[in-house]
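Participant: everything below, folded, please.
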Amino acid sequence: MNMSLAEMEKHLKTLRLHGMIATLETRIVQANQGASFTEVFACLIQDELDYRKSRLTQTRLKASGLTEQPTLTEFDWGFNPKLPKMDIYELVSGKFIREGHDALLIGSPGTGKSMI
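Facilitator: Coordinates of the predicted model:
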């Protein structure tokens, strides 16, 4: 079956596979350079998963009401010097999730819980 790039993009859009649309041309080039079907297809699937994860993160940030995307590099550690910096970095790494543990942030208003 021969299908033009425009037709492929149209069908991917119908299927709501926007992550694949964004990288389709790159993946076609890879295929033309000798990458196997399974390699290219696996990359397209990963592209879609990455796109969806990114969109979910953007949606959650928007719903959170935070006015900017916070990062720990911008965090004012001098504001509350009692914060255990290394514990915060470990928390943000998500290690507790991989290990099946819970995390609970407790503190007075304005101490940076939402930022973390």
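Participant: and His11, what pLDDT?
Facilitator: At His11 the predicted local distance difference test score is 97.
Participant: and what of Leu104?
Facilitator: Per-residue confidence for Leu104 comes out at a pLDDT of 88.
Participant: again, but for Gln69
Facilitator: 69.
Participant: excluding its backbone neighbours, what's nearest Leu72?
Facilitator: By the measure of CB to CB, 6 or more residues apart in numbering, the closest residue to Leu72 outside its immediate chain neighbours is Val92, 6.1 Å from it. To be clear about C-beta, it is placed using only N, CA and C from the backbone, and glycine gets the same treatment.
Participant: show residues contacting the helix or strand hosting that neighbour.
Facilitator: Element membership for Val92 (DSSP states H and E) is helix 85-93. Among residues not part of helix 85-93, those counted as contacts by CB atoms under 8 Å, 6 or more residues apart in numbering are Leu72, Trp77, Phe96, Ala103, Ile116.
Participant: where does the nearest residue to Phe37 once chain neighbours are set aside fall, secondary structure wise?
Facilitator: Distances taken as CB to CB, 6+ apart put Ala31 closest to Phe37, at 7.5 Å, once the chain neighbours are dropped. For Ala31, the element it lies in under DSSP H and E is helix 18-32.
Participant: state the distance from the residue nearest to Phe37 to Ser54.
Facilitator: Taken as CB to CB, to the nearest Å, the spacing of Ala31 relative to Ser54 amounts to 24 Å.
Participant: higher neighbour count, these two?
Facilitator: Neighbours per residue (other CB atoms under 10 Å) separate Ala31 from Ser54, with Ala31 holding more: 15 against 11.
Participant: what's the lowest-pLDDT member of the contacts of helix 85-93?
Facilitator: Lowest-confidence member of those: Ile116, scoring 72 (pLDDT).
Participant: what is the burial count for Trp77?
Facilitator: 11.
Participant: ok, now Leu44?
Facilitator: Applying the criterion other CB under 10 Å, we find 20 residues in the vicinity of Leu44.
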